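Asks: Fold the following.
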Amino acid sequence: MTAASKETLGFKTEVKQLLHLMIHSLYSNKEIFLRELISNASDACDKLRFEALKNDALYEGQSELGVHIDFDAESRTISIEDNGIGMNRDDVINHLGTIAKSGTSEFLSKLSGDQKKDSQLIGQFGVGFYSAFIVADKVTVETRRAGEDATSAVRWESAGEGDFTLEGIEKAERGTRITLHLKEGEEEFADNFRLRSLIKKYSDHIAVPVFLPQEVGESEEGEEAKKIPEAVNEAKALWTRNKSELSDDDYKEFYKHVSHDWNDPLVWMHNRVEGKLDYTSLLYIPAKAPYDIWNREATRGLKLYVQRVFIMDDAEQFLPLYLRFVKGVLDSNDLSLNVSREILQQDKQVDSLRSALVKRVLDTLEKLAKNEPEKYQEFWDQFGDVLKEGPAEDFANREKVAKLFRFATTRSEGQTQNTGLEEYVARMREGQKKIYFITGDSYEAVANSPHLEYFRTKGVEVLLLTDRVDEWMVGHLTEFDGKMFQDVTKGELDLDELADEAEKEQQKALQEEHKDLTDRILKALNNDVKTVRVTSRLTDSPACLVVGQYDMGGHLRRMMEAAGQQVPEPEMTLEVNPAHPLIARLDKEQDEDRFTDLVQIIHAQAKLAEGSQLKDPAQYVGRLNKLLLDLMS
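Replies: Purely as a prediction, here's the structure:
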């Protein structure tokens with residue numbers, strides 16, 4: 001693009017939507033625009049420092065990096081200028097014309113139009129550069145990439161509506177200068193004291209100096225006072241500072257810098273380790289789950305520094321996927337400055353660092369659960385489902401992760417998930433050897449399942465699992481504290497640990513006594529089930545369906561089918577309760593057609609109680625109506 005050329009381009013659709021929402025939803029958080037723009041400028045300086053490791057010429061003779069802020073109250077402008085990596089034309093279009101984030105469409109679909117709720121969601125999404133339009137009705141960006149010719153610079157300008165202009169310019173210095181033309185009524189930001197206080201409040205932790213003009217001496221008549229740039233912030237990487245120097249507010253603001261989340265973090269871990277490993281880590285656990293937490297392909301990981309030099313933004317090798325919600329910084333003295341993603345995958349030091357960081361996070365969560373259970377409950381409500389991926393992904397820490405799980409149980413008050421496995425085991429009935437659980441599509445479905453009837457009469461607590469990941473999780477966890485997990489809907493009920501000898505003998509006798517009835521029911525169902533047997537697991541219901549001990553449970557099966565996956569039909573067993581009046585009446589029925597109708601109705605009701613759909617609902621309704629008419633005649 002030549003200096004004389006100028007073209008107008010349109011924003012991508014999602015940018016238009018986001019700009020409109022920001023301008024109308026974030027009026028109460030408008031001052032954060034400065035934090036976002038300074039944060040971007042700091043990142044640009046970090047990126048130049050990294051690229052200059054391989055090509056020192058990129059410094060162009062100026063290796064002192066910083067951010068300069070200026071203002072003009074009369075013209076209502078603020079400028080933020082850095083001498084970092086800068087951008088070329090393609091960079092400008094990619095970074096300022098679109099939102100390069102996976103899941104943007106999904107994010108926008110969640111916005112409700114409620115300004116208060118939407119502002120929180122936008123805060124989790126992160127808006128960066130676009131926050132400028134909260135206070136400005138026009139934004140001008142002049143930028144040149146380090147190492148490129150002065151004539152390759154670009155001017156980008158937009159009023160934050162449907163389009164932007166691009167123009168080739170000449171710029172002697174590398175880096176980026178952003179000029180905000182403030183809206184009427186936003187003049188308060190074109191003020192030295194106001195800007196200084198915002199920089200101290202939001203950006204004191206930035207590792208490069210942030211300068212404001214400072215008047216020096218008295219001005220002569222008709223002349224402006226001389227101004228020199230003065231660093232306002234600490235200009236020292238926060239994680240390198242001693243913990244005793246830092247306040248909670250310092251940690252909170254740094255979190256917002258590294259995460260682009262507007263909420264305060266839930267908890268943080270700041271550690272300096274020397275010895276076999278030499279590193280500093282500052283890790284945060286957010287208070288709110290990001291909008292794309294279930295997108296396992298989304299960008300994640302820690303900001304990686306080596307010997308205080310920025311290396312990459314999203315080093316995912318240092319934490320497993322089930323801890324993808326953790327944000328923060330890792331600064332290692334052991335890794336090479338020339339490290340790349342490929343090298344990280346093969347470096348033994350990375351494995352050691354990963355193990356240490358995982359232990360740090362899990363230990364912190366364990367302490368939080370023990371010392372601040374209400375705060376831990378906040379964490380669990382946001383990230384519990386993600387943590388449940390742990391047993392499958394991290395075998396070495398399987399039991400440690402499982403200690404952090406929380407569930408609703410048959411002893412819980414309502415559906416709050418607040419019972420840990422250690423607590424469950426501690427109050428297991430004497431002689432109980434298994435951890436019993438049931439999975440289902442909703443709390444109501446599992447809490448009222450007929451499969452729980454026997455366990456309630458025996459005072460045996462059962463975990464109520466309703467999250468999508470639960471059955472898959474239990475399949476990988478298999479046991480806890482030496483106790484195997486047992487799905488109460490699978491296999492024949494094992495009475496060894498729940499019943500006395502008299503009850504076991506009674507169960508055997510019932511099987512023999514009602515063998516003719518179970519054979520007759522099996523014939524009437526015409527191979528719809530594998531077998532029919534008398535059960536002791538029911539006390540109030542006439543029948544229930546049970547899958548084999550090693551078959552896929554109904555909850556997981558339905559989810560896979562809903563996702564379009566072909567799942568083989570399990571071989572079901574119908575268990576009947578001979579003490580129930582319906583089964584007793586059925587046993588006396590002489591009319592085979594009527595017997596078959598009754599059996600089919602009982603079977604269908606058992607399927608519905610299990611949470612499954614009927615293949616032919618109309619047939620079920622027809623049989624039920626026929627039975628009702630017979631009763632009424």
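
Asks: For the stretch 351-500 of the chain, give me the ranges with low pLDDT.
Replies: Across the stretch 351-500 of the chain, the ranges flagged by pLDDT under 70 are 495-497, 499.

Asks: Where do the helices of it begin and end?
Replies: For the stretch 351-500 of the chain, the helices defined by DSSP state H, counting those that start in this stretch cover 373-387, 390-393, 398-402, 421-426, 443-447, 453-457, 470-477.

Asks: Show me what the first one is packed against.
Replies: Identification of packing neighbours for helix 373-387 by 3 or more Cβ pairs under 8 Å, 6 or more residues apart in numbering; DSSP states H and E yields helix 348-371. Heads up, the C-betas are built off the backbone N, CA and C, glycines and all.

Asks: and the helix it packs on, what does it pack onto?
Replies: Helix 348-371 packs on strand 267-273, strand 279-285, strand 327-332, helix 373-387, helix 398-402, going by 3+ Cβ pairs under 8 Å, 6+ apart.

Asks: Which residue, other than its chain neighbours, is closest to residue 491?
Replies: Nearest residue to residue 491, sequence neighbours excluded (Cβ to Cβ, 6 or more residues apart in numbering): residue 549, at 3.5 Å.

Asks: residues near the one you found, how many?
Replies: 11 (other Cβ atoms under 10 Å).

Asks: same deal with residue 370?
Replies: So residue 370, with other Cβ under 10 Å, has 9 neighbours.

Asks: hmm, back to that, got the helices of the stretch 351-500 of the chain as JSON lines, with mean neighbour count and distance to residue 188 columns?
Replies: Listed next are these as JSON lines, based on neighbours: other Cβ atoms under 10 Å; distance: least, Cβ to Cβ, whole Å:
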{"stretch": "helix 373-387", "mean neighbour count": "18", "distance to residue 188": "35"}
{"stretch": "helix 390-393", "mean neighbour count": "20", "distance to residue 188": "48"}
{"stretch": "helix 398-402", "mean neighbour count": "18", "distance to residue 188": "49"}
{"stretch": "helix 421-426", "mean neighbour count": "16", "distance to residue 188": "53"}
{"stretch": "helix 443-447", "mean neighbour count": "18", "distance to residue 188": "50"}
{"stretch": "helix 453-457", "mean neighbour count": "17", "distance to residue 188": "64"}
{"stretch": "helix 470-477", "mean neighbour count": "20", "distance to residue 188": "52"}
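
Asks: domains of this structure?
Replies: Domains of the chain are assigned by automatic domain parsing as 6-235, 239-376, 405-487, 501-632.

Asks: how about CSV for these, with distance to residue 396 added?
Replies: As requested, the domains of the chain are exported to CSV (distance: least, Cβ to Cβ, whole Å):
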stretch, distance to residue 396
domain 6-235, 30
domain 239-376, 8
domain 405-487, 13
domain 501-632, 26
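
Asks: Out of the helices and strands packed on helix 348-371, flag the one nearest residue 135.
Replies: Of all those, strand 327-332 sits nearest to residue 135, with 26.7 Å by Cβ to Cβ.

Asks: and the closest one, what does it pack onto?
Replies: Right, strand 327-332 is packed against helix 248-259, strand 279-285, strand 302-306, helix 348-371 by 3+ Cβ pairs under 8 Å, 6+ apart.

Asks: So what touches the last one?
Replies: If I follow you right, that is helix 348-371. 267, 269, 271, 273, 276-277, 279, 281, 283, 285, 317-320, 323, 326, 330, 332, 334-335, 344, 375-376, 379, 394, 397, 400-401, 403-404, 420 (Cβ atoms under 8 Å, 6 or more residues apart in numbering).

Asks: List only buried entries from those residues.
Replies: Buried residues within the contacts of helix 348-371, counting neighbours by 16 or more other Cβ atoms under 10 Å: 267, 269, 279, 281, 283, 285, 317-320, 323, 326, 330, 332, 335, 344, 376, 379, 394, 397, 400-401, 403-404, 420.

Asks: Could you export the helices and strands packed on strand 327-332 as TSV, including distance to residue 470?
Replies: Formatted as TSV, these follow (distance: least, Cβ to Cβ, whole Å):
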stretch	distance to residue 470
helix 248-259	29
strand 279-285	22
strand 302-306	29
helix 348-371	19
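
Asks: closest one to residue 500 among these?
Replies: Going by Cβ to Cβ, the one of those nearest residue 500 is helix 348-371, 37.5 Å.

Asks: follow-up on the earlier one: so which of the helices of the stretch 351-500 of the chain is nearest residue 42?
Replies: helix 373-387 (28.2 Å).

Asks: chain center to that closest one, what's the gap?
Replies: Centre-to-centre, helix 373-387 and its host chain are 11 Å apart (Cα atoms, centre = their mean, to the nearest Å).

Asks: cool, and stretch 39-46?
Replies: So, by Cα atoms, centre = their mean, the centroid of stretch 39-46 is 26 Å from its chain's centroid.

Asks: now do stretch 429-442
Replies: For stretch 429-442, the distance to the chain centre is 28 Å (Cα atoms, centre = their mean).

Asks: ok, now which ones touch the residue nearest in space to the middle of the chain?
Replies: With distances taken as Cα atoms, centre = their mean, the residue of the chain nearest its centroid is residue 293 (2.8 Å). By Cβ under 8 Å, 6+ apart, the contact set of residue 293 is 324, 325, 383, 386.

Asks: where does it land in three-state SS?
Replies: coil (DSSP: H, G, I helix; E, B strand; the rest coil).

Asks: As a markdown table, the helices and strands packed on helix 348-371 with distance to residue 464 would be great.
Replies: Shown next, in a markdown table, are the helices and strands packed on helix 348-371 (distance: least, Cβ to Cβ, whole Å):
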| stretch | distance to residue 464 |
| --- | --- |
| strand 267-273 | 28 |
| strand 279-285 | 26 |
| strand 327-332 | 32 |
| helix 373-387 | 14 |
| helix 398-402 | 17 |
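
Asks: Go through the ones you listed and name the closest to residue 541.
Replies: Comparing these by Cβ to Cβ, helix 373-387 comes nearest, at 30.5 Å.

Asks: Relative to residue 493, which of the domains of the chain is closest?
Replies: The nearest among these, by Cβ to Cβ, is domain 501-632 at 4.6 Å.

Asks: Could you pull out the strands in the stretch 401-550 of the chain for me?
Replies: Here the stretch 401-550 of the chain has its strands, by DSSP state E, counting those that start in this stretch, at 408-409, 434-439, 463-465, 479-480, 483-487, 531-534, 543-546.
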